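*Asks:* What would the 3D arrangement of this be:
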Amino acid sequence: MQETQPSTLSSTPQSSTTPQSSTPVIDIAIRLALIAFLVYLAMRVFSPFLGLMVWAVVLAVALYPLNAKIASKVGGGHGRAATLLVFIVVLLIGVPTVLLGISFVDHMLSGYKALENGTLTIPPPNASVADWPVVGQQVYGAWQSASSNVSAFVTEHHEQLRGAARRAAATVGGGVKTVLAFIAAFIVAGVMLAYAHPGSESTRRIYGRIFGPKVGPDMHVLTVATIRSVATGVIGVAFIQSILLGVGFLIAGVPGAGILAVLVLVLGIAQVPAALIFVPALVWLWSSGDGSMVFNVVLTVYLVLSGLADNVLKPMLLGRGVAAPMPVVLLGALGGMMTSGLIGLFIGAVILAVAYQIFMAWVDTGESGSVEVPAETTGVESKSAE
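*Replies:* Presented below is the predicted three-dimensional model:
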């Protein structure tokens, strides 16, 4: 009987052919890195349109109640109402804005060309300039020297004027960009209004994922209410008043009508009376204007009523008030203008006000985890926070 040999395979330890599982920490790090890289690429692609889209979202949220009223009157759903609303807004506000923008650009270009061609004329200073405190004599002397001999003044301050000319050219480009962005933002906002309901549901789901299913809906209502109160009660009033006064300045032939309209807008957001702008314009109208007596009287009445229009518009548009403190709104507007030009002036105030309201709501969240929406922002009901 042949003796069987023990199998060598059974005695040899079996080698493991399956790879060891990777460390969970490494898996999480790789996933986070891939997500961060994807977010970075998406932001690089989307960054040129970020300001425009934020502006369009603000306009869509602010105009939604009006769009809903139009839809209930004309029928045909939100799409037809949005088309009609955009057409009316562009016609009533967009056309004057484009005219003021053209005036602003034309004024800056004429000064730039006059400086480059050596045909720049500087009017002599008023004697009262010398009485200004601290710098009155220096300003009066430099102004008088520039007025009496422009060519010598340009030659002496060539580098400074050249730098100012470059900044003026950049300002002209920014003005053209702002006018085009203004029209584009209204068109994009109209598209958003046409799809308001699905957009609102998506936004609610996003807020629910970020803040939780209990706090998310309250945060959504708070954000919508803050956007509408700031956009209509502060920026909207200042914008309408600047358009009204700017049109008056254009009709009166006031030099730099577009620039004056921008100043009215900034002062309106800062809650400074527009009289600082339209009163000097009235003085110029009666002292240097070439219109008839009737023309001057009619324009004077129009400018005064436009300058006081905020007293009527604020109670109509502000509702119960802006929950965010006015310094927050002002800092947002000025900071946005410094970083993004005139577009930032509109969206900066809204962004900072919303951030402030969300932060304070988070701070004031009680143990129950619910967010208390401030009473001054409840002018917009939850069902209409689309």
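*Asks:* which residues of the stretch 251-386 of the chain fall in helices?
*Replies:* Along the stretch 251-386 of the chain, the stretches classed as helices by DSSP state H, counting those that start in this stretch are 257-269, 275-288, 293-307, 310-317, 326-363.
*Asks:* Mean pLDDT and distance to residue 67 added to these, as TSV?
*Replies:* C-betas here are computed from N, CA, C, even on glycine. Rendered in TSV, the data for the helices of the stretch 251-386 of the chain read as follows (pLDDT from 0 to 100; distance: least, CB to CB, whole Å):
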stretch	mean pLDDT	distance to residue 67
helix 257-269	82	24
helix 275-288	83	32
helix 293-307	87	27
helix 310-317	74	16
helix 326-363	81	18
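*Asks:* okay, those helices in a markdown table with mean neighbour count next?
*Replies:* Written out in a markdown table, the entries for those read as follows (neighbours: other CB atoms under 10 Å):
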| stretch | mean neighbour count |
| --- | --- |
| helix 257-269 | 23 |
| helix 275-288 | 16 |
| helix 293-307 | 16 |
| helix 310-317 | 15 |
| helix 326-363 | 20 |
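*Asks:* Which of those helices sits closest to residue 221?
*Replies:* helix 326-363 (10.3 Å; CB to CB).
*Asks:* tell me the angle that closest one makes with helix 257-269.
*Replies:* With axes from the mean of the first three to the mean of the last three CA atoms, to 10 degrees as the criterion, the two stretches helix 326-363 and helix 257-269 enclose an angle of 50 degrees.
*Asks:* Residue 27: which of the helices of the stretch 251-386 of the chain is closest?
*Replies:* When the helices of the stretch 251-386 of the chain are compared by CB to CB, helix 326-363 sits nearest residue 27, at 31.4 Å.
*Asks:* Dump the helices of the stretch 251-386 of the chain to CSV, plus distance to residue 68.
*Replies:* Compiled in CSV, the helices of the stretch 251-386 of the chain are given as follows (distance: least, CB to CB, whole Å):
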stretch, distance to residue 68
helix 257-269, 27
helix 275-288, 35
helix 293-307, 29
helix 310-317, 16
helix 326-363, 20
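*Asks:* With respect to residue 207, which of those lies nearest?
*Replies:* Closest among those, once you apply CB to CB, is helix 326-363, at 10.1 Å.
*Asks:* Which elements pack onto that closest one?
*Replies:* Where contact means 3 or more CB pairs under 8 Å, 6 or more residues apart in numbering; DSSP states H and E, helix 326-363 is packed against helix 50-74, helix 158-194, helix 216-230, helix 257-269.
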